[in-house]
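1. Please find the sequence and the predicted model below.
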Amino acid sequence: MRSVLDASRSEFALHGFAGTRIDAIARRARVNKQALYYHFGSKEKLYGRVLEDGYRTVFEFIQAGMDGQDADHVPPERAVEVFVQCFFDAVAKFPEIMDIITDENKYRGKHLKGSQVTTITNPYRRHLTRAIERGAREGVFRDDLDPDEVWVSAVAVCRF
């Protein structure tokens, strides 16, 4: 199945969801189209699986880079800095995944419904929230800083 997910990731990154054809994925993965439908059910479900796999890959990479930089045990500004640095490195290392995530934004997360993406990203959102809240208490950050806005801004700066 790894070959199918890899082939799908490449095709979806190149052509987006709308432009990708199951035939092209099957050719690239060297499997027949029926096998794809048997294992994944539909193009939509395959796309969702590729997205989920991509998020898992990116956030496992970020976790490895953040090792030892727990938001509760390092200065708050350092916790935010390390997260943004690691996210930036992930964007550079996994451009195909980022292209697919960007494409999915056009669909407002439609293909992520029922996926594990929230479970995958929540620890990092909590890390950022804890660091920002602690930084506000310590006077390092403004007290009206919204962790969700910081998250979106960090992602935008790293991606675009």
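-> Now that the structure is in, tell me what you want to look at. Numbers count the residues shown, from 1 in each chain.
2. distance of the residue nearest the centre of the chain from F94?
-> Centroid check for the chain by C-alpha atoms, centre = their mean gives Y55 as the closest residue, at 3.4 Å. Separation of Y55 from F94 (C-beta to C-beta, to the nearest Å): 10 Å. Any C-beta I mention is one placed from the backbone N, CA and C, and that applies to glycine too.
3. Which residues are in contact with A90?
-> With contact set as C-beta atoms under 8 Å, 6 or more residues apart in numbering, A90 has these partners: V58, F59, F61, I62, G65, C158.
4. Ramachandran coordinates for T20?
-> phi -80, psi 140 (degrees, to the nearest 10).
5. Name all residues that make contact with it.
-> Counted by C-beta under 8 Å, 6+ apart, T20 has contacts S8, E11, F12, L14, K43, Y47.
6. Need the pLDDT of it.
-> Note on T20: pLDDT of 97.
7. Put the alpha carbons of the lengthiest helix in the chain into CSV.
-> Longest helix in the chain by number of residues (criterion: DSSP state H): helix 43-66. Extracted in CSV, the C-alpha atoms of helix 43-66 (Å, rounded to 0.1, in the frame of the first residue of the first chain):
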residue,chain,number,x,y,z
LYS,A,43,-10.9,8.8,-5.1
GLU,A,44,-12.2,11.0,-2.2
LYS,A,45,-11.3,8.4,0.4
LEU,A,46,-7.9,7.9,-1.1
TYR,A,47,-7.3,11.6,-1.1
GLY,A,48,-8.4,11.8,2.6
ARG,A,49,-6.0,9.0,3.4
VAL,A,50,-3.1,10.8,1.6
LEU,A,51,-3.9,14.0,3.5
GLU,A,52,-4.0,12.2,6.8
ASP,A,53,-0.8,10.3,6.0
GLY,A,54,0.8,13.7,5.0
TYR,A,55,-0.2,15.4,8.2
ARG,A,56,1.2,12.4,10.2
THR,A,57,4.5,12.6,8.3
VAL,A,58,4.8,16.4,8.8
PHE,A,59,4.0,16.3,12.5
GLU,A,60,6.2,13.3,13.3
PHE,A,61,9.0,15.3,11.7
ILE,A,62,8.1,18.4,13.8
GLN,A,63,8.0,16.3,16.9
ALA,A,64,11.5,15.0,16.3
GLY,A,65,12.7,18.5,15.9
MET,A,66,11.0,19.7,19.1
